[in-house]
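*Asks:* Below: sequence and its predicted model.
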Amino acid sequence: MSSIKSRFLNAAASDEAAGAGCRTVFPVRDYDLGATLNSGQTFRWQRREDGWEGVIGSRWVRLRMEADRPGSRRERISFQTSAAAARGRNAGVIVAETAQPLNDWRWLADYLQVGLDLGGVLATFPDDGPMRAAVAACRGLRLLRQDPWECLASFILSSTKQIVQIRRIVALLCERFGDPVMVPNGCEAAFAFPTPERVAAAGESELRACKMGFRAPNLRAAARKVGDGEVDLSRVAGLPTAAARAELMRLPGVGRKIADCVLLFAYGFQAAFPVDVWVMKALRRLYFPRRRVALKRLQQFTETHFGPHAGHAQQYLFHYARVHAKLKE
């Protein structure tokens, strides 16, 4: 664990002595919350007024960014290193709210990856024109650390769908099969992501009613294998990248792209470089203009060109291609 991440998580735990609360603050630097939550790595966050609302595990969460105001304590948790962590360009705070009091916020610090040394990650990216443009346009974009089952199921449902459609499918699945979670007064009902056992027990027609179409039997079969322990998602984290990918690809509906998404967004495997239509378009347009390059050649290129944090570089390219460069499918 990096020293920066360790300081943030230890500080989050230290608030326990101050008593439980429904709100906390994470000092951050170079953190683009909107890009992070809206960059296609997760599908459960909705923009509400000046913030974002979603569900993490069994908790409703509301997040918003604020400019840091030195000397203001507000509802801040006692980060001993907050001044140093927030000092410098693009300093601010993420204000987080839940529906019920909590003593320990380490789960959210880990999910948001607030302790990541982003500057250190960006310094490993290749110094080329496309990567410089992507970093300039998307600086502050982080990789979240998601629950493996939710991430896996969500990307099984993502096949050939646009992000707005995936969000709707996932929302329907949660509404119909997930347990309700506590929300503040006046907020819309919210639901946890359904367990593998609950999805496996559903009928295929019930799943198709969530607008997932041909993905329903794959999701149901994958849920059975995970629920029965045939594929142990907790074991994947300890495997080498190639073995972890192969383990996930044993599941119905999981090819290399989906497996790499799960490896990157749920487990933090930085060697995983998901190549979908957007990334393929970006790689061909930005790195191989006016050349016909096969997918296998692109995969070989990604394995050698983007350095030890290739997965993070991929997300910058993906978001840049989809939002900023306006590349067309």
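*Replies:* Here it is on my side, so go on.
*Asks:* what's the domain layout of this protein?
*Replies:* As assigned by automatic domain parsing, the chain contains the domains 3-116, 128-140+270-329, 148-267.
*Asks:* Residue 122 is nearest to which of the ones you listed?
*Replies:* If you check each of the domains of the chain against residue 122 by CB to CB, domain 128-140+270-329 wins as the nearest, at 5.9 Å. (Each C-beta comes from the backbone N, C-alpha and C, glycine too.)
*Asks:* which residues of the stretch 1-150 of the chain fall in helices?
*Replies:* Secondary structure of the stretch 1-150 of the chain by DSSP state H, counting those that start in this stretch: the helices cover 3-14, 33-37, 82-86, 106-112, 118-122, 129-138, 148-156.
*Asks:* hey, where'd the strands end up in the stretch 151-300 of the chain?
*Replies:* Secondary structure of the stretch 151-300 of the chain (DSSP state E, counting those that start in this stretch): strands at 180-181, 190-191.
*Asks:* any chance of the ones you listed in CSV, plus mean pLDDT?
*Replies:* Output for the strands of the stretch 151-300 of the chain, formatted as CSV (pLDDT from 0 to 100):
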stretch, mean pLDDT
strand 180-181, 98
strand 190-191, 98
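*Asks:* These into TSV, with extra columns for mean neighbour count and distance to residue 130?
*Replies:* Shown next, in TSV, are those (neighbours: other CB atoms under 10 Å; distance: least, CB to CB, whole Å):
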stretch	mean neighbour count	distance to residue 130
strand 180-181	16	41
strand 190-191	22	39
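*Asks:* I'd like these laid out as a markdown table, including distance to residue 250.
*Replies:* Formatted as a markdown table, the strands of the stretch 151-300 of the chain follow (distance: least, CB to CB, whole Å):
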| stretch | distance to residue 250 |
| --- | --- |
| strand 180-181 | 31 |
| strand 190-191 | 29 |
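*Asks:* closest one to residue 159 among those?
*Replies:* Across these, closest to residue 159 is strand 190-191 (CB to CB), at 22.8 Å.
*Asks:* So in that sheet, which strands flank the closest one, and in what orientation?
*Replies:* strand 180-181 (antiparallel) (DSSP bridges).
*Asks:* Determine which of the domains of the chain shows the lowest mean per-residue pLDDT.
*Replies:* For the domains of the chain, mean pLDDT drops lowest on domain 3-116, to a mean of 77.
*Asks:* I figured residue 302 hits residue 310, correct?
*Replies:* Yes - contact status for residue 302 versus residue 310: in contact at 6.3 Å, counting by CB atoms under 8 Å.
*Asks:* between those two, what contacts are shared?
*Replies:* residue 273 (CB atoms under 8 Å, 6 or more residues apart in numbering).
*Asks:* What values do phi and psi take at the residue most central in space within the chain?
*Replies:* Centroid check for the chain by CA atoms, centre = their mean gives residue 144 as the closest residue, at 3.6 Å. Torsion angles at residue 144 (phi, psi; degrees, to the nearest 10) stand at phi -80, psi 170.
*Asks:* What is the burial count for residue 150?
*Replies:* 24 (other CB atoms under 10 Å).
*Asks:* What is the neighbour count of the residue lying closest to it once chain neighbours are set aside?
*Replies:* Among residues not flanking residue 150 along the chain, residue 193 sits closest, at 4.3 Å (CB to CB, 6 or more residues apart in numbering). By other CB under 10 Å, 24 other residues sit near residue 193.
*Asks:* ok so, going back, which one of the strands of the stretch 151-300 of the chain lies closest to residue 297?
*Replies:* Using CB to CB, these put strand 190-191 closest to residue 297, at 43.2 Å.
*Asks:* State the distance from the nearest residue to residue 37 once chain neighbours are set aside to residue 111.
*Replies:* Nearest residue to residue 37, sequence neighbours excluded (CB to CB, 6+ apart): residue 45, at 4.3 Å. As for residue 45, its distance to residue 111 is 11 Å (criterion: CB to CB, to the nearest Å).
*Asks:* Cool, thanks, talk later.
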